[in-house]
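Chemist: turn this into a model:
(one chain, ligands or ions: 2)
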Amino acid sequence: MLVTLEGLDGSGKTTVWERLRTDDALPGDATFTREPTDSWYGEAVQRSIDDDEADSLAELFLYTADHAAHLADTVRPALDDGRLVVSDRYSDSRYAYQGATLAASDHFEDPLDYVREVHAPWTRPPDLTVYLDVDPETAARRSGATNKFETAEYLAEVGENYERLVAADPERFVRVDATAAPDTVYDRVRSAILDRRD
Ligand SMILES: Nc1ncnc2c1ncn2[C@@H]1O[C@H](COP(=O)(O)OP(=O)(O)OP(=O)(O)O)[C@@H](O)[C@H]1O
Ligand SMILES: Cc1cn([C@H]2C[C@H](O)[C@@H](COP(=O)(O)O)O2)c(=O)[nH]c1=O
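Modeler: Numbers count the residues shown, from 1 in each chain. Ligands and ions are numbered 1, 2, ... in the order given. Modelled structure (predicted):
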């Protein structure tokens, strides 16, 4: 089963993901992974994140290359072995973030749809996506505005894209209020995963 954690910067994904790693209720052979990865593809993505002038379309394809390698090297092999995979960010991050970034160009009528179409023939959709729901102002404050994506204005657009994704696929998504206390958020995410495994 492939579980992904999604949400705005600062929504608490990594906090939850780190805690899940040591949770005895999950199988000991579960694979914990993330995007951007720490491969050389992920390093290329990181360079792009740190470059305020990076071309938005080039950036989409860097993230997409990282996703393709992540699928081939980590996600598909683990799923083929019957393991639980928990990924901190995955394809929905591309749909939501690059869908927002590309909106500034006039190449695409519907940038989010375009990014989905680029992935559709070859990606492996998650079985469950936990959406950590937080308002853009809290997200920007918590994330500390350390990169170009972490402004409340941009994150508001990203949040609207996530809402579209949730509305289009309500069976896959479980929404968790990420403004709740960390223990409460964690318990809800954990329950969502354990319930879906049954
Ligand atoms: N439920 C919560 N309530 C208050 N603060 C939280 C909560 N969850 C996480 N935080 C804090 O918010 C900050 C960001 O958390 P975290 O790194 O887990 O978010 P993230 O979604 O992984 O962010 P990013 O996408 O930017 O990597 C951290 O300082 C963390 O301690
Ligand atoms: C996978 C992915 C990520 N992003 C953005 C979101 C964040 O601002 C950075 C790095 O992610 P992290 O969780 O803070 O490590 O990259 C993106 O725009 N598109 C993506 O596909």
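
Chemist: name the nearest residue to Glu35, ignoring sequence neighbours.
Modeler: Excluding the flanking residues, the one nearest Glu35 by CB to CB, 6 or more residues apart in numbering is Arg89, at 4.5 Å. C-beta: built from backbone N, CA, C; applies to glycine.

Chemist: what sits against the single nearest residue of the chain relative to ligand 2?
Modeler: Residue nearest to ligand 2 within the chain: Tyr97 (3.1 Å; CB to the nearest ligand atom). Contacts for Tyr97 (CB atoms under 8 Å, 6 or more residues apart in numbering) come out as 149, 158, 161.

Chemist: out of those residues, which one sits closest to ligand 1?
Modeler: Nearest to ligand 1 out of the contacts of Tyr97 is Phe149 (CB to the nearest ligand atom; 8.2 Å).

Chemist: tell me the secondary structure at the closest one.
Modeler: Classification of Phe149 using DSSP: H, G, I helix; E, B strand; the rest coil returns coil.

Chemist: for Pro36, give its distance to Asp135.
Modeler: 24 Å (CB to CB, to the nearest Å).

Chemist: more neighbours, those two?
Modeler: A direct count of neighbours by other CB atoms under 10 Å for Pro36 and Asp135 places Pro36 higher, at 20 against 16.
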